[in-house]
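Visitor: Structure, please.
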Amino acid sequence: MFDNNKNVNIIREKYREFIYDSYSINEDDKYIYLSFRYIISGLCSFEHKLNICKKNYIKEKIKNNLYFENIVFNIGMIELVNYWKSCFCYNLVVKCGELNDDQINWWKKIYYNGLGELRYRNNIRLSIDEFINIKSYGNSFSLKKLEDKYDGYLVPIGGGKDSIVTLNTLDIDKDRDYAIIANPKDVCFDTCYEFGFSNNNIIEIYRVIDKKLIELNDKGFINGHVPISSVYSFLCVMMGYLVNRKYVALSNEDSANEKNEDEWGINHQYSKSFEYENDFRYYVDKYLYVPVYYFSFLRPLNEFLIAKIFSRLENYHKIFKSCNLGSKNKKWEWCLNCPKCMFVFTILSPFLYKDKLINIFGEDMFERKDMLDTFIDLTGYGKLKPFECVGTFEEVRYAISLTIKNIGDSKMPYLLDYYKKHYKLEYGDIENRWNSNNNLNEEQEGLLRSVL
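Guide: Numbering: from 1, shown residues only. Next comes the predicted model:
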């Protein structure tokens, strides 16, 4: 952690007000265009854009649709965090919609916890009340909840192993249900095609960040991790409404609930946690008024069990990618230098090590001496759990112990040999775990149990 508190205080004191000024909705034959205008008083304005590819799946009208407009307004509330964070303005003024006290408290919690990693890395020690003050002056939508007449599934596809497990375990209709991809990469399309979806069953959303935000980042304004999964949750409910799908089936697991750091209580995966899932379900039910049921299908499982299921889906092994650094390149590849790459390699190792795993990654990451610190951090014996979407210390230790056991008397790779010499091998009941704190119905639970 670095102490950037002085710089933060200077910026925060100079730029006290952030304004969510307006949003707009337009469409043509190919796209729905959403635009959001934000202002940092005394600094600059921003225009954030969302372009939704229409194809032939839109069931609800766009123009003069207050239910859609209400969702769009709320999407603006979550998208603004990308811009607000650059100055951490104390006052957030919402001019284009009304928020009651309950909603204001809900948004304060999402911003505060969702920006927890950013606060930690910049040593921003503020209470939730010191953090932000929200006022709204817009009009109310005054809507009633729509009747529940939807069915089927909408599955977000991110390119990794988890959504692949969800696709291949849930009762997905390849002709009627939908995948949804934000700023899609070839990996995401390839996953959908391998499953059997056609282009007409793949929803594409393109998020366009205002270039002025990048310029502020380059000038030393506050920057860091944002709760991107909470952005996607709102986008998914919006599309669930537009295509009349009842279930938005996320692929967040039990392991996402573990914190990275105890003193601050920071969880890099907060917007993937069960706490956020329930908070968001509450907000959808009370303030979005559409009968879309948001839940995580993999919530009962830990990362180890998901890896075990995925290891059998061999036709996806050369397709999937999870490396966030690698995703920034034109062609998404494993960077082989980050905690996420090391974690995925490790959690799959009890099932695929050695040749099959090397075929996926291109090398044996357990022979990487330069990755020792990262490897140890993932086990919990290091300084801090990496700020990545990785499994728990217990799961990593269990996977390592099983792989060492599987190798037996054969030559041990460097990192596993180091672990065996310095730490105790750990076994337990991880493969028998089932987290009952989930939002699955009886049919969905039965489908998930059937693949265990």
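Visitor: so how many other residues sit close to residue 434?
Guide: Counted with other C-beta atoms under 10 Å, the neighbours of residue 434 add up to 14. C-beta here means a position set from N, CA and C on the backbone, and glycine is covered the same way.
Visitor: what's the answer for residue 410, then?
Guide: 8.
Visitor: next one: residue 341
Guide: If we define neighbours as other C-beta under 10 Å, then residue 341 has 25 of them.
Visitor: Surely it touches residue 327?
Guide: No. Residue 341 sits out of contact with residue 327 when judged by C-beta atoms under 8 Å, with a separation of 11.6 Å.
Visitor: what residues are up against residue 335?
Guide: 323, 325-326, 341 (C-beta atoms under 8 Å, 6 or more residues apart in numbering).
Visitor: want to throw those residues into TSV with distance to residue 437?
Guide: Formatted as TSV, the contacts of residue 335 follow (distance: C-beta to C-beta, whole Å):
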residue	distance to residue 437
323	29
325	32
326	33
341	30
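Visitor: what about the residue most central in space within the chain, is that helix, strand or coil?
Guide: Ranked by distance to the mean C-alpha position of the chain (C-alpha atoms, centre = their mean), the top residue is residue 229 at 3.1 Å. Counting by DSSP: H, G, I helix; E, B strand; the rest coil, the backbone at residue 229 sits in helix.
Visitor: Isn't it up against residue 268?
Guide: No. Look at residue 229 against residue 268 with C-beta under 8 Å: they stay out of range, at 10.5 Å.
Visitor: Quickly note the distance from residue 318 to residue 356.
Guide: Residue 318 is 10 Å from residue 356, where distance means C-beta to C-beta, to the nearest Å.
Visitor: So which of these two has more stuff around it?
Guide: Neighbours per residue (other C-beta under 10 Å) separate residue 318 from residue 356, with residue 356 holding more: 14 against 9.
Visitor: Contacts only, for the more buried one.
Guide: residue 317 are the contacts of residue 356 under C-beta under 8 Å, 6+ apart.
Visitor: which residue packs closest to residue 208, ignoring adjacent ones?
Guide: residue 49 (3.9 Å; C-beta to C-beta, 6 or more residues apart in numbering).
Visitor: Bridged to the one you found, which residues?
Guide: residue 35, residue 208 (DSSP bridges).
Visitor: What about it, how many residues nearby?
Guide: 15.
Visitor: and what of residue 445?
Guide: 15.
Visitor: ok, now which ones touch the residue nearest to it when sequence neighbours are not counted?
Guide: In this structure, residue 445 finds its nearest non-sequential neighbour in residue 300, 7.3 Å apart by C-beta to C-beta, 6+ apart. For residue 300, the contact set (C-beta under 8 Å, 6+ apart) comprises 254, 434-436, 438, 440, 445, 448.
Visitor: For these, pick the one with the most neighbours.
Guide: Within the contacts of residue 300, residue 254 tops the neighbour count with 25 neighbours, counted by other C-beta under 10 Å.
Visitor: So for that residue, what pLDDT did the model give?
Guide: As predicted, residue 254 sits at a pLDDT of 88.
Visitor: my read: it touches residue 301, true?
Guide: Yes. Assessed by C-beta under 8 Å, residue 254 is found in contact with residue 301 at 6.2 Å.
Visitor: joint contacts of those two?
Guide: 433, 435.
Visitor: separation between the closest residue to residue 389 other than its chain neighbours and residue 331?
Guide: Nearest residue to residue 389, sequence neighbours excluded (C-beta to C-beta, 6+ apart): residue 269, at 5.5 Å. Distance, residue 269 to residue 331, using C-beta to C-beta: 26 Å.
Visitor: what's the answer for residue 25, then?
Guide: Per C-beta to C-beta, residue 25 is found 34 Å from residue 331.
Visitor: This completes my enquiry, with thanks.
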